[in-house]
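**Q** Based on what follows, work out the 3D shape:
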Amino acid sequence: MTNNEDTIVALATPNGIGAIGVIRLSGPDAITIAQKVWKGKDLTKQASHTLHFGRIMDGDMELDEVVASLFVAPRSYTRENVVEVSCHGSNYIIESIIKLFIRNGARAAKAGEFTLRAFLNGQLDLSQAEAVADLIASNSKASQQIALQQLRGGFSSQLKQLRDQLVTFASLIELELDFAEEDVEFANRDQLKKLIHEITKVIGSLIQSFELGNAIKNGVNTVIAGRPNAGKSTLLNALLNEERAIVSHIPGTTRDTIEEVLNIKGINFRLIDTAGIREATDAIEQIGVQRTMEKISQSALLIYVFDADQITAEELTADIESLQKPGITMLLVANKADLLDGDEKLKKFKEKHRNSYDFQGSPTDGLVLISAKEKQQIDELKQQIYAAAIKENLSGHETLVTNIRHLEALQKTEEALIRVLAGIDTVTSDFLSMDIKQALHYLGEITGAVTTDDLLENIFSKFCIGK
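**A** Residues are numbered from 1 along each chain as shown. Below you'll find the model as predicted:
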């Protein structure tokens with residue numbers, strides 16, 4: 001663990017030349033250390049949340065004209081004295097000022113140490129601290145909104161309510177143990193059953209939300225697959241509205257995967273264009289087909305594209321059966337609809353494939369009919385891609401689990417509570433107490449009510465330095 005009596009310093013803005021750089025000091029001596037090298041108003045006598053213009057001096061040499069922002073404890077991010085110095089964004093100036101602060105009593109901050117101090121000083125709980133890193137890393141509106149909600153304590157508040165209810169019953173059961181010889185019952189077993197059922201229902205819902213939360217946080221792995229010359233690369237270009245992939249009438253043009261990100265309604269879809277699925281004609285194409293199958297197995301959403309004018313019903317059925325995998329949502333896209341000109345051809349197409357999928361005139365009935373070349377129905381396809389991956393209505397108010405550590409802790413909590421229910425009428429109070437304590441322990445790990453040095457080191461080492 002780090003020494004919280006130290007004053008730490010780090011660059012809070014990204015490395016590289018820019019208009020300004022912000023250097024952050026935090027700790028008991030932050031203001032006095034800054035004052036040692038400051039030329040301007042006496043910073044030790046200024047009020048919190050004020051800005052001051054001055055100069056940073058290394059002896060008689062002026063390093064830069066800067067603005068210092070003062071945050072006096074406990075009214076700061078870390079609940080310590082904090083000084084943020086905004087200087088010009090020269091790497092030389094930034095390094096010189098940081099070295100000057102270190103020579104005057106500060107030390108270089110470790111990764112995530114400012115947020116670690118905010119947690120240790122009670123400004124944030126552990127799940128909120130992790131939300132800080134998620135907010136910094138957010139790359140879509142949806143992931144930003146989820147991180148903000150968690151940072152504001154929405155998830156923590158829900159867990160605290162569950163934990164407080166369990167603590168009450170745990171206390172009553174502990175009381176029973178104190179009076180074990182008198183065979184008294186303080187914790188009503190029926191009420192405990194009801195409470196455990198309610199809590200496991202909420203925890204089960206949180207566990208189920210991870211699939212959606214993880215997709216929003218990290219994006220949805222989306223593979224575009226199909227036979228050669230089905231129009232996969234043309235579809236990728238149409239979805240991105242740019243000529244990203246080489247398009248040719250020659251089958252097997254795409255030999256390797258091409259990956260791009262498409263944002264639909266605030267959700268990032270990581271589109272992967274793959275080599276056509278067929279018996280390879282050479283070693284290079286064979287590698288491409290193998291990579292296609294690997295990408296499909298790793299995907300959450302599979303967009304299967306086929307030539308609506310050429311594929312037979314038997315070929316379509318065989319492809320669907322071979323590509324369907326547990327846990328992977330498949331969206332069928334019939335491409336080259338422009339070749340089905342006229343009602344008669346479209347009628348024959350639907351008749352030919354009626355045994356593969358139902359057609360009721362709606363793209364939600366199993367298949368989307370498009371023309372990637374002519375960019376027909378592309379907006380409708382985007383709607384279907386979104387609906388296939390995000391099966392729930394995102395109101396922005398529900399709690400979604402996005403962190404694998406939180407998921408594992410919730411799963412262990414659920415297992416402990418199931419043991420409580422299984423033994424509530426048969427086991428003695430001491431065994432019930434053990435299982436309830438385990439559930440409390442795992443819930444506490446999420447918010448930081450229960451921590452270890454190794455856990456904190458693992459979490460905060462993934463933060464950027466300066467945060």
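**Q** switch to C-alpha atoms for all contacts and neighbour counts from now on
**A** Noted.
**Q** residue nearest the centroid of the chain?
**A** Nearest to the geometric centre of the chain sits Lys217, at 2.8 Å (Cα atoms, centre = their mean).
**Q** May I have the phi/psi pair for that one?
**A** Lys217 has phi and psi values of phi -70, psi -50 when expressed as degrees, to the nearest 10.
**Q** any idea whether the nearest residue to Asn403 once chain neighbours are set aside is helix, strand or coil?
**A** Residue nearest to Asn403 in three dimensions, not counting chain neighbours: Asn214, with 7.3 Å by Cα to Cα, 6 or more residues apart in numbering. Of the three states, Asn214 takes helix under DSSP: H, G, I helix; E, B strand; the rest coil.
**Q** I figured the residue nearest to the centre of the chain was touching Ser138, is that so?
**A** Yes - the criterion here is Cα atoms under 8 Å, and Lys217 meets it with Ser138 at 7.1 Å.
**Q** name the element the residue nearest to Leu262 when sequence neighbours are not counted belongs to?
**A** Among residues not flanking Leu262 along the chain, Phe269 sits closest, at 5.1 Å (Cα to Cα, 6+ apart). For Phe269, the host element (DSSP states H and E) is strand 267-273.
**Q** do Ala133 as well
**A** helix 126-137.
**Q** so what secondary structure elements neighbour that helix?
**A** Secondary-structure packing of helix 126-137 (3 or more Cα pairs under 8 Å, 6 or more residues apart in numbering; DSSP states H and E): helix 113-120, helix 141-151, helix 154-178, helix 429-447.
**Q** which residues make contact with that helix from outside it?
**A** 115-116, 118-119, 143-144, 147-148, 150-153, 155-156, 446-448, 459, 463 (Cα atoms under 8 Å, 6 or more residues apart in numbering).
**Q** just stretch 14-33 next, same as before
**A** Taking Cα under 8 Å, 6+ apart as the rule, stretch 14-33 contacts 4-13, 43-44, 70, 78, 80-91, 94, 98, 101, 104-106, 114, 466.
**Q** Pull out the buried members of these.
**A** Applying 16 or more other Cα atoms under 10 Å to these, the neighbour count classes 4, 6-13, 43, 70, 78, 80-90, 94, 98, 101, 105-106, 114, 466 as buried.
**Q** Among those residues, which lie within strands?
**A** With strands taken from DSSP state E, the overlap with these comprises 8-11, 70, 82-89.
**Q** For those, give me CSV that also has distance to Leu332.
**A** CSV is the format used below for those (distance: Cα to Cα, whole Å):
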residue, distance to Leu332
Ile8, 56
Val9, 55
Ala10, 51
Leu11, 50
Leu70, 58
Val82, 56
Val83, 57
Glu84, 54
Val85, 56
Ser86, 54
Cys87, 55
His88, 54
Gly89, 51
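**Q** For those, give me TSV that also has distance to Val368 and pLDDT.
**A** Shown next, in TSV, are these (distance: Cα to Cα, whole Å; pLDDT from 0 to 100):
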residue	distance to Val368	pLDDT
Ile8	57	97
Val9	56	97
Ala10	53	96
Leu11	51	96
Leu70	58	97
Val82	57	98
Val83	57	98
Glu84	55	98
Val85	56	98
Ser86	54	97
Cys87	55	97
His88	54	96
Gly89	52	94
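**Q** Show me what the strand holding Phe269 is packed up against.
**A** Against strand 267-273 (3+ Cα pairs under 8 Å, 6+ apart) you get helix 141-151, helix 210-218, strand 220-226, helix 232-240, strand 258-264.
**Q** again, only using 10 Å
**A** helix 141-151, helix 210-218, strand 220-226, helix 232-240, strand 258-264, helix 283-298, strand 301-307, helix 378-389 (3 or more Cα pairs under 10 Å, 6 or more residues apart in numbering; DSSP states H and E).
**Q** so the residue nearest to the centre of the chain makes contact with Ser140?
**A** Yes - with contact defined as Cα atoms under 10 Å, Lys217 reaches Ser140; the gap is 8.2 Å.
**Q** Give the residues shared as contacts by the two.
**A** Common neighbours of Lys217 and Ser140 (criterion: Cα atoms under 10 Å, 6 or more residues apart in numbering): Ile267, Asn268.
**Q** Give me the contacts around the helix or strand encompassing Ile203.
**A** For Ile203, the enclosing helix or strand under DSSP H and E is helix 189-208. For helix 189-208, the external contacting residues (Cα under 10 Å, 6+ apart) are 155, 158-159, 161-163, 165-166, 169-170, 209, 213, 398-402, 406-411, 413-418, 420-422, 424-425, 436.
**Q** Drop anything exposed from those.
**A** For the contacts of helix 189-208, a burial check counting by 16+ other Cα under 10 Å picks out 155, 159, 162-163, 166, 169-170, 209, 213, 399-402, 406-407, 409-411, 413-414, 416-418, 420-421, 424, 436.
**Q** quick check, distance from the helix holding Ile203 to the centre of its chain.
**A** 26 Å (Cα atoms, centre = their mean, to the nearest Å).
**Q** Please export the C-alpha coordinates of that helix as CSV.
**A** What follows is helix 189-208, C-alpha atoms only, in CSV (Å, rounded to 0.1, in the frame of the first residue of the first chain):
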residue,chain,number,x,y,z
ARG,A,189,-37.2,-17.7,9.5
ASP,A,190,-40.2,-16.9,7.3
GLN,A,191,-39.2,-13.2,7.1
LEU,A,192,-35.6,-14.3,6.4
LYS,A,193,-36.9,-16.6,3.5
LYS,A,194,-38.9,-13.7,2.1
LEU,A,195,-35.9,-11.4,2.3
ILE,A,196,-33.5,-13.9,0.7
HIS,A,197,-35.9,-14.5,-2.2
GLU,A,198,-36.2,-10.7,-2.8
ILE,A,199,-32.4,-10.2,-2.7
THR,A,200,-31.7,-13.1,-4.9
LYS,A,201,-34.2,-11.8,-7.4
VAL,A,202,-32.4,-8.4,-7.5
ILE,A,203,-29.0,-10.0,-7.7
GLY,A,204,-30.2,-12.4,-10.4
SER,A,205,-31.4,-9.4,-12.4
LEU,A,206,-28.0,-7.6,-12.0
ILE,A,207,-26.2,-10.8,-13.1
GLN,A,208,-28.4,-11.0,-16.2
